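A.B. asks: pasted the sequence and its predicted model underneath.
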Amino acid sequence: MDMTGFTGMVDGWEERVRGMLGGSAVPGLAEGRMRVLGAGMDSVALLVEGGGGEFVVRLPKGRDGAEGVAREARVLPELGERVSLPIPRFAFLAGNPLGPGECCVYAAVPGESLGADEWRERGMLADDAVAGAVGRFIDEVQGFPVGRAMELGVPVRDMRGEFAEDLESVRAQVVPLLSERVGRALVERWEGYLAEAGNFGYTPTVMHGDVSLDHLLVTGNRVSGVIDFGDLQIGDPDFDLCYLFMGAGAEFVGRVQDRRGRAFDERLRRKLVFWACADSAIDALHGIEHGMVEFTEWSVRRIGVALQEFGGQAGVL
């Protein structure tokens, strides 16, 4: 979730970041042109043009983001040897001038981040070669040895336990903000996901955890790199299709699955629909817990939209 529109930068952020870069081993980096690339729940990304190239600075906003950067620093060097697309290769870590832990700096991964409309305009969502590249990347990440990932600190996700716990919080804090019809439809989807034993019969794998169109960088009409590994985790491999389903649609996910030699069956579709609907509810929880009124209101509206768009719940809005 890109939260750039809901995230304010702390006063004096640019001076602090330049001070940090001034202590690095990359000459001229501190004097480069700097702009905000985007922001998520856990970190802010800046693009710095200087030091003989373009560099990305990712700055954690809290403890979770700091843990993610530290985990990436351990995992990405080994993962980078296994994947066929360029991914971030950290030039260095440094004390985070805007928050806890360390921030990371790396040479910009080639390509640009595009929205779904631009992917569609370039014909990429209908391109089997693009679907094949995305599917191959997912398989390469999921082929990383689980035991080694655990040694490197990649967390194991209990999908059933986490979503059961989230449901209790959603009932208490989010459902009261919804219309009766939307709240009922959301809870029914949630309970249906938890009740279907087959949803939890998967073999855990390493997952990128956030394979979305904006994290698949594009050059021309091909995927040229992948970014944002802060959500690396071990869990249900189907979850790596969740944000593609939300952003690119069922047809593209089906194309990816076909290129992987895997089915896009009704069970997978139901899982993806649930995750798409639950995503906005969990965002709303985050907004409530952190006092982000505007973001909470936006997320609450998105729940009804998601139920209608992905779940076929006619008339929920």
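C.D. replies: Looks like it came in fine.

A.B. asks: lowest average confidence across helices and strands of this structure, where is it?
C.D. replies: The least trusted helix or strand in the chain, going by mean pLDDT, DSSP states H and E, turns out to be strand 33-39, with a mean of 90.

A.B. asks: next, the buried residues of that one.
C.D. replies: Neighbour-count burial for strand 33-39, counted by 16 or more other Cβ atoms under 10 Å, picks out 34, 37-39. Heads up, the C-betas are built off the backbone N, CA and C, glycines and all.

A.B. asks: one more: stretch 153-172?
C.D. replies: 154, 157, 159, 163, 166-167, 169-170.

A.B. asks: that older thread, next helix or strand past the least confident helix or strand of the chain?
C.D. replies: Counting by DSSP states H and E, the element after strand 33-39 in chain order, helix or strand, is strand 43-50.

A.B. asks: mind listing what's buried along that following strand?
C.D. replies: Of the residues in strand 43-50, 43-48, 50 count as buried by neighbour count, 16+ other Cβ under 10 Å.

A.B. asks: next one: stretch 298-306
C.D. replies: By neighbour count on 16+ other Cβ under 10 Å, the buried set for stretch 298-306 is 298-304, 306.

A.B. asks: for it, give the mean pLDDT please.
C.D. replies: Stretch 298-306 carries an average pLDDT of 94.

A.B. asks: and stretch 242-261, by the same measure?
C.D. replies: Mean predicted lDDT for stretch 242-261 stands at 97.

A.B. asks: so how far is it off the chain centroid?
C.D. replies: 16 Å (Cα atoms, centre = their mean, to the nearest Å).

A.B. asks: end-to-end on that stretch?
C.D. replies: 18 Å (Cα to Cα, to the nearest Å).

A.B. asks: what does that stretch rub up against?
C.D. replies: With Cβ atoms under 8 Å, 6 or more residues apart in numbering as the test, stretch 242-261 has contacts from 116, 119, 125-126, 128, 131-132, 134-136, 138-139, 210-214, 241, 263-264, 268-269, 272, 275-276, 279, 306, 310.

A.B. asks: try 7 Å
C.D. replies: When contacts are defined by Cβ atoms under 7 Å, 6 or more residues apart in numbering, stretch 242-261 is touched by residues 116, 119, 125, 128, 131-132, 134-135, 139, 210-213, 241, 263-264, 269, 272, 275-276.

A.B. asks: would you indicate which residues of it are buried?
C.D. replies: Residues of stretch 242-261 classed as buried by neighbour count (16+ other Cβ under 10 Å): 242-250, 252-257, 259-260.

A.B. asks: so residue 154 sits against residue 235, correct?
C.D. replies: No - between residue 154 and residue 235 there is no contact under Cβ atoms under 7 Å: 10.0 Å.

A.B. asks: check which element follows the helix of greatest length in the chain along the chain.
C.D. replies: If you go by DSSP state H, the chain has its longest helix at helix 266-289. Going down the chain from helix 266-289, the next helix or strand is helix 293-309, by DSSP H and E.

A.B. asks: list the contacts of the closest residue to residue 274 other than its chain neighbours.
C.D. replies: Of all residues not flanking residue 274 in the chain, residue 193 sits nearest, at 4.2 Å (Cβ to Cβ, 6 or more residues apart in numbering). Neighbouring residues of residue 193 by Cβ under 7 Å, 6+ apart: 163, 199, 271, 274.
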